[in-house]
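# Got a predicted model here, sequence first, then my questions.
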Amino acid sequence: MMVLVCDGLKPGNRGELTKWLLEAKPGVFVGQVSALVRDLLWEKVSSDFEASAVLIFSSDSEQGFSMRMCGSPYRSVVDIEGISLIKTTCDEAKSLMNQ
């Protein structure tokens with residue numbers, strides 16, 4: 001199982017994703033695909049310079065899932081002893097407070 005949440009995708013990339021995954025809500029894609037297809041779809045999404053995305057997929061990790069993230073200058077996925085965590089920067093907190 002995988003969940004892919006995207007913002008700012010080009011229409012062509014969005015169309016490619018809908019060939020393989022169900023778009024449950026605009027920008028939220030869900031499906032069950034092979035690891036090869038998942039990796040190829042991730043390459044397409046992460047190479048879209050206008051997009052930001054988070055990919056969450058089942059794995060044999062302690063948490064039962066793994067994550068990948070792209071396009072966000074304020075957030076990243078870090079692995080600490082086999083546990084995936086989201087690292088945020090102070091810049092994100094400042095930008096949220098200014099909104």
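Nice, thanks for sending it over.
# ok, which stretches of the protein are strands?
When secondary structure is read from DSSP state E, the chain shows strands at 2-7, 22-25, 28-31, 52-58, 65-70, 75-80, 83-88.
# Residue 45: which of the ones you listed is closest?
Nearest to residue 45 among these is strand 52-58; the distance by CB to CB comes to 4.9 Å. In this view, the C-beta of every residue, glycine as well, is placed from N, C-alpha and C.
# tell me what the closest one is packed against?
The contact analysis (3 or more CB pairs under 8 Å, 6 or more residues apart in numbering; DSSP states H and E) places strand 52-58 against strand 2-7, helix 35-46, strand 65-70.
# what pairs with that strand, and is each one parallel or antiparallel?
strand 2-7 (antiparallel), strand 65-70 (antiparallel) (DSSP bridges).
# What is the neighbour count of the residue nearest to residue 68 when sequence neighbours are not counted?
Leaving aside its chain neighbours, residue 68 sits nearest to residue 55 (4.4 Å; criterion: CB to CB, 6 or more residues apart in numbering). Neighbours of residue 55 under the rule other CB atoms under 10 Å: 22.
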